[in-house]
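**Q** Quick one, structure for this:
(one chain, ligands or ions: 1)
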Amino acid sequence: MVETRTIIGPALPNIPWEEKPEGCREVVWRSSRNPIIPRDAISSSNSVFNSAVVPFGDGFVGVFRCDDKARFMALHFGRSKDGVSWQIDEEPIQLITLDSSRRLAMGYDPRITLLEGRYYITWCNGFHGPTIGVAYTQDFVTYYQLENAFLPCNRNGVLFPRKIGGMYAMLSRPSDKGHTAFGDIFCSLSPDLTFWGMHRFVMGTIGGWQGVKIGAGPVPIETTEGWLLFYHGVCGSCNGFLYSMGAALLDRDEPWKVLHRCRTYLLSPQRDYECWGDVPNVVFPCAALADAETGRLAIYYGAADTVVALAFAQVDEVIDYIKRNPTLARR
Ligand code: BMA
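**A** Residues are numbered from 1 along each chain as shown. The predicted structure is shown next:
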C-alpha cells in the first residue's frame with residue numbers, strides 16, 4: 001500500500017496483476033500469460049491487436065481491433081471478468097449515425113475514455129484517408145457516432161478523461177495515407193466534442209527509438225506529477241519500422257506542456273510474439289488500467305499487429321524512470 005496516492009482517480013481492486021518477477025530489472029514487465037488474446041479469438045479474425053479496455057460493472061469490457069481474413073479492419077465488443085480472458089463478439093459494433101458521409105468506414109486502433117459518465121471511443125476512421133472517428137456509449141449496446149474530429153489525415157486520437165480549463169482536450173498525430181514516415185503529437189481543444197481547434201504542439205520525434213514518429217497510446221492517467229502519457233515511438237531499421245513504448249508527463253492544466261519525457265524506452269519488441277507476426281517488431285499500447293489505491297498499472301498493447309499482450313508497472317517507478325532518463329529535445 002502506498003502512503004500517498006499518486007494516481008488521481010478511483011481504486012480498482014480487481015485490476016489484472018502479476019508481481020514483478022524475481023530479478024527483473026525492468027520498470028515494465030510482461031504478463032506470464034502473454035499473448036492474452038490470440039489472433040483467432042473469433043472465427044473470422046486474421047488478427048486481434050491494438051485494442052482498448054476499461055473497467056465496467058464488476059469486470060471489464062473492451063473494443064477490439066479485429067482484422068478479418070479478407071484483411072478488413074473492424075471494431076468488435078468484448079467482455080471479461082478478470083481483464084485477462086476475453087469473450088469477443090463475432091459481429092462488429094454497429095454505430096448509430098445520422099450522417100452517412102461520416103459513417104464508420106473502417107475501424108482500427110481504438111481508445112476508450114470515460115468522460116462525464118459516457119464511454120467515448122476514438123479510433124482511426126476512413127474518410128478520404130484516415131482520421132479520428134468519435135462515438136459514445138453508456139452501455140456498450142447502443143453506440144452513437146459523432147462528427148469526425150479532424151480533417152484527414154490523422155491517427156492516434158486520444159481524449160483526455162476530463163475537461164481541462166473548461167474545454168475537452170484530445171491528442172492526435174497528423175499523418176498521411178500510407179505508412180507515415182513522420183509524426184509528432186499535437187493537442188486540440190473543443191467546447192463541445194464537435195468543433196476542434198486551438199491546436200498546440202506537444203512533442204515531436206527525437207533520435208533513437210523515437211526517431212521517425214511518435215503517437216499517443218492509452219488515455220492519459222492523471223497523477224499528482226502531471227498527466228502520465230504512455231506513447232509509441234518508431235525508429236527505422238534496414239528491415240522497416242520498429243515500434244517501442246515510452247512515457248512522458250504533461251502539465252495538468254496545459255497538457256501541451258511536457259514536464260518530463262523519457263530518453264530510453266520502457267518496452268521494446270523482444271519476445272517472439274512481438275517480433276513475429278503480420279508486422280514484425282511492434283509493441284503498440286492502446287489502453288491502461290490504473291488502481292489509485294496501490295499505484296498498479298496494467299497496460300494492454302498490440303504485439304506484431306497480430307495479438308494482444310499485457311504488461312504491468314507501478315506508477316511511482318514509471319514516474320521515477322521518466323525523471324531519471326530525461327530528454328529535453330523537441331518538446
Ligand atoms: C500504424 C498503425 C497501427 C500499426 C502500426 C504498425 O501505422 O497502422 O495500427 O500497429 O502501424 O504496423
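**Q** Would you agree L289 is in contact with I15?
**A** Yes: at 5.1 Å, L289 counts as touching I15 under the criterion of CB atoms under 8 Å. All C-beta spots, glycine's among them, are computed from the backbone N, C-alpha and C.
**Q** Those two: who's more crowded?
**A** Neighbour tally, L289 and I15, criterion other CB atoms under 10 Å: the higher count belongs to L289, 23 against 19.
**Q** need the contact list for the more buried one.
**A** L289 makes contact with L12, I15, P16, V53, V54, P55, F60, G83, L297, A298 under the criterion CB atoms under 8 Å, 6 or more residues apart in numbering.
**Q** Tell me which residue is most central in this protein.
**A** By CA atoms, centre = their mean, the mean C-alpha position of the chain lies nearest to C286, the distance being 2.2 Å.
**Q** and stretch 57-75 with the ligand, contact?
**A** No: residues of stretch 57-75 are not located near the ligand by CB under 6 Å from any ligand atom, the shortest gap being 7.3 Å.
**Q** what about that stretch, distance to the chain center?
**A** 14 Å (CA atoms, centre = their mean, to the nearest Å).
**Q** Grab the CA positions of it and hand them over as PDB.
**A** Output of stretch 57-75 as PDB, limited to C-alpha atoms (Å, rounded to 0.1, in the frame of the first residue of the first chain):
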ATOM      1  CA  GLY A  57     -19.700  -3.300 -13.900                       C
ATOM      2  CA  ASP A  58     -17.900  -5.900 -11.800                       C
ATOM      3  CA  GLY A  59     -15.500  -6.700 -14.600                       C
ATOM      4  CA  PHE A  60     -14.100  -5.200 -17.800                       C
ATOM      5  CA  VAL A  61     -15.200  -4.500 -21.400                       C
ATOM      6  CA  GLY A  62     -13.200  -3.600 -24.400                       C
ATOM      7  CA  VAL A  63     -13.300  -2.500 -28.100                       C
ATOM      8  CA  PHE A  64     -11.100  -4.700 -30.100                       C
ATOM      9  CA  ARG A  65      -9.400  -4.200 -33.400                       C
ATOM     10  CA  CYS A  66     -10.200  -7.400 -35.300                       C
ATOM     11  CA  ASP A  67      -8.900  -7.600 -38.900                       C
ATOM     12  CA  ASP A  68     -10.800 -10.300 -40.700                       C
ATOM     13  CA  LYS A  69      -9.500 -12.900 -43.200                       C
ATOM     14  CA  ALA A  70     -10.200 -10.600 -46.100                       C
ATOM     15  CA  ARG A  71      -7.900  -8.200 -44.100                       C
ATOM     16  CA  PHE A  72     -10.600  -5.600 -43.500                       C
ATOM     17  CA  MET A  73     -10.400  -3.800 -40.100                       C
ATOM     18  CA  ALA A  74     -13.400  -3.600 -37.800                       C
ATOM     19  CA  LEU A  75     -14.100  -2.800 -34.100                       C
END
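**Q** ok, back up a step: sort out which one of the contacts of L289 lies nearest the ligand for me.
**A** The shortest approach to the ligand among the contacts of L289 belongs to V53, at 16.4 Å (CB to the nearest ligand atom).
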